[in-house]
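**Q** Pasted the sequence and its predicted model underneath.
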Amino acid sequence: MPPIPPQQHRPAPPAEPTAPPPPVARRTAFAEGVDRLRAAATTEPGRLRIIGAVLALLVVAFGSVTAWQVTDRAAAADDVLHSSQPLSSDAADIYRSLADANTAASSGFLAGRSETGVNRVRYEKGIRTAAEKLVNAAANSDPDSPSAATIAKLNRLLPEYKGLVEQARTYNRQGFPVGGAYLRYANEKMQQEMLPAAEDLYTKENQRLRDDYDGATPYSWAAIALGVLALAALAWAQHRNYRRTNRVLNHGLVAATAAATVVLLWLVVGHSVARASLNDSYDHGVRSLNVLHDARIASLKARGNENLTLVSRGAETKKVGEETYDAYDYDFTQDMNTLGKGLALAADLADDRAGERPVTSAVANMTEWKKRHADARAEDENGEYQQALDKVIGAKGTTGECFDSVDTNLATALKHETAEFRSAAGDGLDAMSGLAIGAAVLAVLGAAGAVLGIGRRLSEYR
């Protein structure tokens, strides 16, 4: 039997490559943190650490939001007292000074060669005051703001107006009738361009003042809500501690509660006082000032129109309905009506005798002014121009005396109401002083107290 050949070994086929194992998804740090937090929450020490962290965070958040909101409101209150209200008064002074200069120019023109230095000085003072206030307003306004454009317009028109007045004065002294035309043209520039621009500036600055009041007076609701939440959380933590240990007080948590309570009470009471004072400064300060400024401007415009009635000698007329009136005398009547309404409102807003007395005197002066004006108009309409002129700018018993008395009394009332405003607004600002820093310090102390109080409990597990 032939030998069996040895079995030939065939090489094994190569193994098919196996797919690599899928990569293990890497977990985010947040997910891992949540797992650790969940694991910690299954033990009492872990739960205590979480409670301590939440309490500290709430107290710090309460203090931070309180400091932020109080700082914001205090800054707005400071702007009310030191920025926007003074600028609003400056805008009113620009209007008043321009109207005063226009009135003095017409009075000086009527006097002609016998013009006294008083009218000249008053005119120059009005122009100088307006120029100075415009410089101050320009320095405190943003370059691209609407107020800046209005200020630039007034700065351009002011020298044009001065030039027209000087030409009117020069021709009038030489006896040329064209001087009256130049003065009427100067008055038109003042009435139709300059005073409307000044009124627009006054309106814008008043809006800025109201915006600052709106920023200073709202309650800090976010801070109050956080304070209530922090106190509720601290009360819950102490109740929980009492149920588990039968201990009534935890010194750290009590300290944290006391700190949060002080901040919350300080916030509510301090801001309530500040809000009340600021509202009082607006109701009995700003509103009165606005009414008095408007009344004083109306008196100046009335005086200017009274003078221009004699300057124009009937050259300017105005038709209202079926009736035709002397244009300047008609405007005088409208200005006096505005003055009367303003004085009545100012008397209602005056909250003390010192504020009411000058307004009452101004009402009496206005009443006498109307009587003397009616007499002067009667003389003028009867062809007695010189007698009418004497009743307006003469030495005694003139309408000018009444105007001066009205202006003086209104200036006294403005001075009193300005002091009232500053006192009330200053009290409002003072009520918030120290609150922001105090809230931040007490919040840090409160958070530390919460951490130490919880730490005291944790030490019992070691």
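**A** That came in fine, so what should we check first? Numbers count the residues shown, from 1 in each chain.
**Q** Which pLDDT value does the model give D72?
**A** On pLDDT, D72 comes in at 93.
**Q** Which helix or strand in the protein has the lowest average pLDDT?
**A** helix 29-40 (a mean of 65; mean pLDDT, DSSP states H and E).
**Q** Could you check how far the helix or strand following that one is from the centre of its chain?
**A** Using DSSP states H and E, the next helix or strand after helix 29-40 towards the C-terminus is helix 44-79. Relative to the centre of its chain, helix 44-79 is centred 29 Å away, using C-alpha atoms, centre = their mean, to the nearest Å.
**Q** One more: stretch 431-440?
**A** With C-alpha atoms, centre = their mean, you get 22 Å for stretch 431-440.
**Q** So which residues make contact with it?
**A** Here stretch 431-440 makes contact (C-beta atoms under 8 Å, 6 or more residues apart in numbering) with 63-64, 66-68, 70-71, 73-74, 77, 263, 266-267, 270-271, 273-274, 277. Placement of C-beta: from N, CA and C, glycine included.
**Q** Of the residues you listed, grab the buried ones for ChimeraX.
**A** Typed into ChimeraX, the next command selects the buried ones out of the contacts of stretch 431-440 (criterion: 16 or more other C-beta atoms under 10 Å):
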select :63,64,66,67,68,70,71,73,74,77,263,266,267,270,271,274,277
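**Q** I'd like to know how far the spatially closest residue to L445 that is not a sequence neighbour sits from A436.
**A** Nearest residue to L445, sequence neighbours excluded (C-beta to C-beta, 6 or more residues apart in numbering): A259, at 5.2 Å. In this view, A259 and A436 are 15 Å apart by C-beta to C-beta, to the nearest Å.
**Q** Look at the two and report which has more neighbours.
**A** A259 (26 against 19; other C-beta atoms under 10 Å).
**Q** The more buried one against A448, yeah?
**A** No: between A259 and A448 there is no contact under C-beta atoms under 8 Å: 9.1 Å.
**Q** Check which helix or strand the most centrally placed residue in the chain maps to.
**A** The structure's the chain has its C-alpha centroid closest to L209; by C-alpha atoms, centre = their mean the separation is 1.9 Å. Assigned by DSSP H and E, L209 falls within helix 195-216.
**Q** ok so, going back, part of a helix, is the residue nearest to L445?
**A** Yes: under DSSP: H, G, I helix; E, B strand; the rest coil, A259 falls within a helix.
**Q** Quick check: pLDDT value at it.
**A** Confidence at A259, expressed as pLDDT, is 93.
**Q** what's the answer for the one 3 residues further on, then?
**A** The score at V262 is 94. That number is its pLDDT.
**Q** Also I50?
**A** 84.
**Q** That one: how many residues sit nearby?
**A** 14.
**Q** Kindly report the same for A131.
**A** 16.
**Q** who's in contact with the residue nearest to it when sequence neighbours are not counted?
**A** Distances taken as C-beta to C-beta, 6+ apart place L158 nearest to A131, at 6.5 Å, with adjacent residues excluded. L158 is in contact with I127, A130, A131, L134, M194, counting by C-beta under 8 Å, 6+ apart.
**Q** ok, L158 to I127 distance?
**A** L158 is 7 Å from I127, by C-beta to C-beta.
**Q** so where's this structure shaky on pLDDT?
**A** Regions of the chain meeting the criterion pLDDT under 70 cover residues 1-27, 29-42, 112-116, 246-248, 314-315, 320, 461-462.
**Q** and the helix or strand containing Y95, what other elements does it pack with?
**A** Following DSSP H and E, one finds Y95 within helix 85-111. When contacts are defined as 3 or more C-beta pairs under 8 Å, 6 or more residues apart in numbering; DSSP states H and E, helix 85-111 packs onto helix 117-139, helix 146-173, helix 178-189, helix 195-216, helix 287-312, helix 385-393, helix 399-431.
**Q** just those helices: most buried one?
**A** When these are scored by mean count of other C-beta atoms under 10 Å, the highest mean neighbour count falls to helix 287-312 (a mean of 25).
**Q** Show me what the host helix or strand of A223 is packed against.
**A** Here A223 sits within helix 221-245, counting by DSSP H and E. Helix 221-245 is packed against helix 44-79, helix 251-281, helix 435-458, with contacts defined by 3+ C-beta pairs under 8 Å, 6+ apart.
**Q** As CSV, those with distance to S312 would be great.
**A** Formatted as CSV, the helices and strands packed on helix 221-245 follow (distance: least, C-beta to C-beta, whole Å):
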stretch, distance to S312
helix 44-79, 45
helix 251-281, 44
helix 435-458, 61
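**Q** which one of the ones you listed lies closest to K341?
**A** Closest approach to K341 among the helices and strands packed on helix 221-245 is made by helix 251-281 (23.9 Å; C-beta to C-beta).
**Q** Let me know the angle separating the closest one from helix 287-312.
**A** Relative orientation of helix 251-281 with respect to helix 287-312: 20 degrees, computed using axes from the mean of the first three to the mean of the last three C-alpha atoms, to 10 degrees.
**Q** chain center to the helix holding L209, what's the gap?
**A** 7 Å.
**Q** try stretch 421-435
**A** Taking mean C-alpha positions (C-alpha atoms, centre = their mean), stretch 421-435 and its chain are 15 Å apart.
**Q** what does stretch 130-145 give?
**A** That offset, for stretch 130-145, works out to 16 Å (C-alpha atoms, centre = their mean).
**Q** Please name the residues that touch A237.
**A** Shown in contact with A237 (C-beta under 8 Å, 6+ apart): I51, L55, L253, A450, I454.
**Q** Looking at these, which two lie furthest apart in space?
**A** I51 and L253 (9.9 Å).
**Q** who has more neighbours, the two?
**A** Comparing I51 with L253 by neighbour count (other C-beta under 10 Å), the higher total belongs to L253, at 25 against 20.
**Q** ok, now which ones touch the more buried one?
**A** L55, L234, A237, Q238, N241, G449, A450, G453, I454.
**Q** From S83, how far out is the third one?
**A** Look at A237 and S83: by C-beta to C-beta, they are 45 Å apart.
**Q** Ok, the first one next?
**A** In this structure, L55 and S83 are 41 Å apart, going by C-beta to C-beta.
**Q** Fine by me, we can end here.
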